[in-house]
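**Q** fold the following for me, if possible:
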Amino acid sequence: MLKKAKRLAPVIEMAEQTEQEAAGKLAKLQQQLLQAEQQLAGLEQYRNDYQQQWITRGQTGVTGEWLMNYQRFLSQLETAIEQQRNSVQWHQRNVEKARAQWQQAYTRLEGLKKLVQRYHDQARHIADRQEQKDMDEMAARAGLLKQSMVGDS
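**A** As a prediction, the model looks like this:
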């Protein structure tokens with residue numbers, strides 16, 4: 001059983017490396033998602049601030065040209081926000097895929113570790129049984145030796 005466990009050592013090393021790489025990729029993609037979400041929040045805050053300027057400026061009166069520029073810029077800002085929302089969704093999908101890949105790698109690694117542990121447990125059980133058998137045989141021999149010595153007297 002120990003030979004089986006030793007033969008699995010390189011497989012476990014590869015599984016550990018795969019799991020670590022998957023975890024690293026997941027962490028990187030989560031960071032990218034966070035950055036995309038922060039950019040979206042920044043754009044939305046900028047739009048809100050810009051709209052507040054419209055309210056403030058509108059109270060004092062605006063020209064038609066200013067209104068057209070405002071609407072054009074606001075439209076461009078809305079387009080940028082929508083593109084950033086799409087980027088956030090894309091990053092979210094990538095994170096979910098990476099999380100699934102990491103979970104798969106982690107599950108495989110844990111399964112291999114449990115298999116090796118089972119091999120170790122089986123080997124220990126076999127060794128314990130052999131030791132008990134050896135002790136029983138020694139006790140039986142000691143008993144026979146004692147009987148023969150008693151019989152010789």
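
**Q** which stretches of this structure form helices?
**A** Ranges of helices in the chain, per DSSP state H, are 2-60, 64-152.

**Q** any weak-confidence spans in the protein?
**A** 1, 150-153 (pLDDT under 70).

**Q** mind running it again at 90?
**A** Applying pLDDT under 90 to the chain flags the ranges 1-9, 50-67, 69-71, 119-124, 126-128, 130, 134, 136-153.

**Q** who's in contact with Ala98?
**A** With contact taken as C-beta atoms under 8 Å, 6 or more residues apart in numbering, Ala98 is in contact with 22, 25-26, 29. Where you see a C-beta, it was placed from the backbone N, CA and C, and this is true even at glycine.

**Q** make it 7 Å
**A** Listed by C-beta atoms under 7 Å, 6 or more residues apart in numbering, the contact partners of Ala98 are 25-26, 29.

**Q** what's the neighbour count on the closest residue to Ile12 other than its chain neighbours?
**A** Distances taken as C-beta to C-beta, 6 or more residues apart in numbering place Leu112 nearest to Ile12, at 5.2 Å, with adjacent residues excluded. For Leu112, the neighbour count with other C-beta atoms under 10 Å is 17.

**Q** got the contact list for Leu112?
**A** 8, 11-12, 15 are the contacts of Leu112 under C-beta under 7 Å, 6+ apart.

**Q** in PyMOL, how would I select just the buried ones from the residues you listed?
**A** Buried members of the contacts of Leu112, defined by 16 or more other C-beta atoms under 10 Å, are picked up in PyMOL with:
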select buried, resi 8+12+15
